[in-house]
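> dropping the sequence and predicted coords here.
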Amino acid sequence: MLTLTQTAAEAVKEIVSRVPDVNEGGVRIRDTGGTGGFELSVAPDPQPADTIVVTDGARVFLDATAAIALEDRVLDAELSDDGAVRFALAAQG
C-alpha cells in the first residue's frame, strides 16, 4: 500500500486546510491512464471504491487503479517558501 513520508503528510494537511469546507477531507489521487500519470485534487470525502491511506492525520484517497499502481510506492513532498508543493513518488524499500 502507498505510504507517505512525514513531509508528504504535512503537505497534504496544508493543502486540504487551504480549501474551505473540506477540513475533514483529503487529497484524492486518480490514475488518468496512459502517459498522463496521476491527477491530484482535494476532496471532501473518498469515493465508495477508494482506498484510504492515513498518515499522521493526513488522508489520501486512491481510486482503484491508482491503488494498484501505487501499492509499492512512497509519496514524498517538497515544500517551498512561497507555499508551493511538489510531490514525488519513489519505490518502497
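Received the coordinates, thanks. Residues are numbered from 1 along each chain as shown.
> where does the chain dip in pLDDT?
Applying pLDDT under 70 to the chain picks out residues 36.
> could you pull out the helices for it?
When assigned using DSSP state H, the helices of the chain occupy the ranges 6-17, 64-69.
> I'd like to know which of those helices lies nearest to residue 54.
Distance to residue 54, taken as C-beta to C-beta, is lowest for helix 6-17 among these, at 9.0 Å. Just so you know, the C-beta spots here come from the backbone N, C-alpha and C atoms, and that holds for glycine as well.
> mind giving me the packing neighbours of the closest one?
Identification of packing neighbours for helix 6-17 by 3 or more C-beta pairs under 8 Å, 6 or more residues apart in numbering; DSSP states H and E yields strand 26-31, strand 51-55, strand 58-62, strand 73-79, strand 85-91.
> so how far is residue 33 from the closest residue to residue 9 other than its chain neighbours?
By the measure of C-beta to C-beta, 6 or more residues apart in numbering, the closest residue to residue 9 outside its immediate chain neighbours is residue 58, 3.9 Å from it. Separation of residue 58 from residue 33 (C-beta to C-beta, to the nearest Å) stands at 26 Å.
> more neighbours: these two, which one.
For residue 58 versus residue 33, neighbours defined as other C-beta atoms under 10 Å are more numerous around residue 58 (21 against 9).
> the more buried one touches residue 10, doesn't it?
Yes - counting by C-beta atoms under 8 Å, residue 58 touches residue 10, with 7.3 Å between them.
> which residues do the two both contact?
Here residue 58 and residue 10 share no contacting residue, scored by C-beta atoms under 8 Å, 6 or more residues apart in numbering.
> any idea how many residues pack against residue 12?
Residues lying near residue 12 (other C-beta under 10 Å) number 27.
> surely it and residue 60 touch.
Yes - Residue 12 lies in contact with residue 60 (C-beta under 8 Å); the separation is 6.2 Å.
> now do the shared contacts for these two.
4, 26-27.
> show me which of those is closest to residue 70.
For the shared contacts of residue 12 and residue 60, the nearest to residue 70 is residue 4 (10.8 Å; C-beta to C-beta).
> perfect, I'm done here.
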